[in-house]
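**Student:** For reference, the sequence and a predicted model appear below.
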Amino acid sequence: MALVIRNGEIVNAGTRAQGDIFVENETITRIGKHLEAPPNTEIIDATGKLVFPGFIDPHVHIYLPFMATFAKDTHETGSIAALVGGTTTYIEMCCPNRNDDALEGYQLWKSKAEGKSACDYAFHMSVTKFVKETESQLRQIVADGTASFKIFLAYKNFFGVDDGEMFQTLELAKRLGVIVTAHCENAELVARLQQKLVAEGKTGPEWHEPSRPESVEAEGTGRFATFLENTGATGYVVHLSCEKALGAALGAKSRGVKISVESVLPHFLLDKTYAERPGVEGMKHVMSPPLRSKHNQAVLWNALGQGSIDTVGTDHCPFDTEQKLLGRDTFVNIPNGIPGIEDRVNLLYTYGVKRGRLDLDRFVDAASTRAAKLFGLYPRKGTIAVGSDADLVVYDPNYRGMVSVKTQHANNDYNGFEGMEIEGRPSVVTVRGKVQVRDGKFVGERGWGKLLKREPCHF
Ligand code: URP
Ligand code: ZN
Ligand code: ZN
């Protein structure tokens, strides 16, 4: 059935106009004022509302075997949570570990999502070792439409690659025109500092941050940038958390290194005192890179406002209370991760746009358009334009509410942002023209989501 969204303020990164959007066959076919709609067209009145392109979360974990357990969401729960929060596409990290076969891992990750996700999705393919068959396997994966890689400089002996493997991955990526995303922390330093702290009896969650200090992240970021510089590859730093690491990334960029920066929701809104809370409350706020001292938040907001932080993701990675307690004896065993897939857009709108830290253009760019451009999804995604997929978020800026575990759709028994007020939320969310959310409720079709095939675009 055709659909028209009437009289909203249509906000793209860079343009704004009052008008109507007409949707047929999953696609935006007309944009204008007072568009005529044939009988049987569904009409959504967006008077007084903002209409955004569907938001894109470039960094989520749904299926993830990690730290002796599994992340809690499935594509059913994760995608519904994403949609209720206005995210219509997410890019999941496909993370086989060093002992797994990359191609088998890729098929496994695909099978977990297929027919289950209610929103569209894609993968970043993690390269967790570089052996004889890696090049041909990665070529097959890119040919299958997964045109971005992920490397971890952290998580020694599990996901982590050494410098030689990083070099090989970047050289291949350069030849294939594929962007490489990277978790940048020095694995050796983390391992040594963890051992030292534990030997001193410092085992609570408050010691997680001192085991991975800002200098350790800055070193990883600088090293990644140096490898990009010397291979000519294009890179993207994931979940950058602090001023020192930002300095390393931006310094490289000013030398002409092709590097972009993502920061994630927790680092804008939560500081390290959350992980210093006693017992399991602290454990719930353990992620890597860790929550930092508060002064970093102002630095991140400022860089985001100016566009030197390119994107905001979530690094959604849910572990429940019982799983977090795997680290009751030592912080080294606390499953790392904080969920946020459902809350990113509303919290970014409230604490970014409404608090004057972000203008609306930059908000749309950081939460949708720039990820679409970097990861080969634009202009199919990330913009409201004739010919683009009809992924639309009709946003009510007058809604007032609060983040709470009691109302969330993600599969977890807590919410790391509990109690934070929100000033706005999606009233209608469409994915390729299908209404998936109305007034905070999922009303759509499970399994509607498609795997998005992407072409390499970084030659
Ligand atoms: O703590 C985190 N970030 N957990 C998920 C894995 C990763 O490093 O992205
Ligand atoms: Zn990471
Ligand atoms: Zn992650």
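**Tutor:** That came through fine. Every value quoted in this text rests on a predicted model; they were computed, and no experiment measured them. Ligands and ions are numbered 1, 2, ... in the order given.

**Student:** And what about the closest residue to Ala46 other than its chain neighbours, helix, strand or coil?
**Tutor:** In space, and not counting its chain neighbours, Ala46 is closest to Gly8: 2.9 Å by Cβ to Cβ, 6 or more residues apart in numbering. Heads up, the C-betas are built off the backbone N, CA and C, glycines and all. Secondary structure state of Gly8, per DSSP: H, G, I helix; E, B strand; the rest coil, is strand.

**Student:** what separates whichever strand or helix holds Glu165 from the chain centre, distance-wise?
**Tutor:** Assigned by DSSP states H and E, Glu165 belongs to helix 163-176. Distance, stretch centre to chain centre, for helix 163-176: 23 Å (Cα atoms, centre = their mean, to the nearest Å).

**Student:** In that helix, which residues are buried?
**Tutor:** 165-174, 176 (16 or more other Cβ atoms under 10 Å).

**Student:** For the chain, list the residues in contact with ligand 1, please.
**Tutor:** Proximity of the chain to ligand 1, by Cβ under 6 Å from any ligand atom, involves residues 61, 183, 239, 287-288, 315, 317, 336-337.

**Student:** now with 5 Å?
**Tutor:** 183, 287-288, 315, 317, 336-337 (Cβ under 5 Å from any ligand atom).

**Student:** Which one (most neighbours) among those?
**Tutor:** Asp315 (28 neighbours; other Cβ atoms under 10 Å).

**Student:** if we look at the sheet, which residues does the closest residue in space to it that isn't next to it in sequence bridge to?
**Tutor:** Closest residue in space to Asp315, ignoring its immediate chain neighbours: Val264 at 4.3 Å, by Cβ to Cβ, 6+ apart. Under DSSP bridges, the beta-bridge partners of Val264 are Gly313.

**Student:** ok, Val264 - contacts?
**Tutor:** 59, 238-239, 312-315, 340 (Cβ atoms under 8 Å, 6 or more residues apart in numbering).

**Student:** residue ranges of the strands in the stretch 51-200 of the chain, please?
**Tutor:** 55-60, 65-66, 69-70, 87-94, 120-126, 148-152, 179-183 (DSSP state E, counting those that start in this stretch).

**Student:** looking at the ones you listed, which is buried most?
**Tutor:** Greatest average neighbour count among the strands of the stretch 51-200 of the chain goes to strand 55-60 (a mean of 30), per mean count of other Cβ atoms under 10 Å.

**Student:** which residues are contacting that strand?
**Tutor:** Taking Cβ under 8 Å, 6+ apart as the rule, strand 55-60 contacts 78, 82, 85-93, 124, 181, 238-239, 262, 264, 311, 313-317, 341, 344-345, 367-368, 371-372, 374-375, 377, 381-382, 393.

**Student:** Now find how far off-centre it is within its chain.
**Tutor:** For strand 55-60, the distance to the chain centre is 4 Å (Cα atoms, centre = their mean).

**Student:** Quick check, Lys72 in contact with Glu322.
**Tutor:** No. Taking Cβ atoms under 8 Å as the definition, Lys72 is not a contact partner of Glu322, at 10.2 Å.

**Student:** What segments of the stretch 151-300 of the chain are helices?
**Tutor:** Along the stretch 151-300 of the chain, counting by DSSP state H, counting those that start in this stretch, helices occupy 163-176, 187-199, 208-211, 214-231, 243-254, 265-269, 280-283, 295-306.

**Student:** of all those, which lies closest to Asp439?
**Tutor:** helix 265-269 (23.3 Å; Cβ to Cβ).

**Student:** give me the number of residues near the residue nearest to Ala17 when sequence neighbours are not counted?
**Tutor:** Nearest residue to Ala17 in three dimensions, chain neighbours excluded: Ile10, at 5.3 Å (Cβ to Cβ, 6+ apart). Neighbour count for Ile10, taken as other Cβ under 10 Å: 21.

**Student:** Pull the contacting residues for Ile10.
**Tutor:** 16-19, 21, 31, 51, 384.

**Student:** quick one: contacts for the residue in the stretch 351-459 of the chain positioned nearest to ligand 1?
**Tutor:** Here the stretch 351-459 of the chain gets closest to ligand 1 at one residue, Gly416, 11.4 Å apart by Cβ to the nearest ligand atom. Taking Cβ under 8 Å, 6+ apart as the criterion, Gly416 is in contact with 266, 270, 274, 284-285, 338-340.

**Student:** on that earlier part again, so which of the residues of the chain next to ligand 1 are in strands?
**Tutor:** Counting by DSSP state E, the residues of the chain next to ligand 1 place His183 in strands.

**Student:** As TSV, the residues of the chain next to ligand 1 with pLDDT would be great.
**Tutor:** Below are the residues of the chain next to ligand 1 laid out as TSV (pLDDT from 0 to 100):
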residue	pLDDT
His183	98
Met287	98
Ser288	98
Asp315	98
Cys317	98
Asn336	98
Gly337	98
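
**Student:** Looking at the residues of the chain next to ligand 1, which is nearest Gly356?
**Tutor:** Asp315 (25.6 Å).

**Student:** what about the strands in the stretch 301-450 of the chain?
**Tutor:** Counting by DSSP E, counting those that start in this stretch, the strands of the stretch 301-450 of the chain are 311-313, 392-396, 401-402, 421-422, 425-431, 434-438, 441-442.
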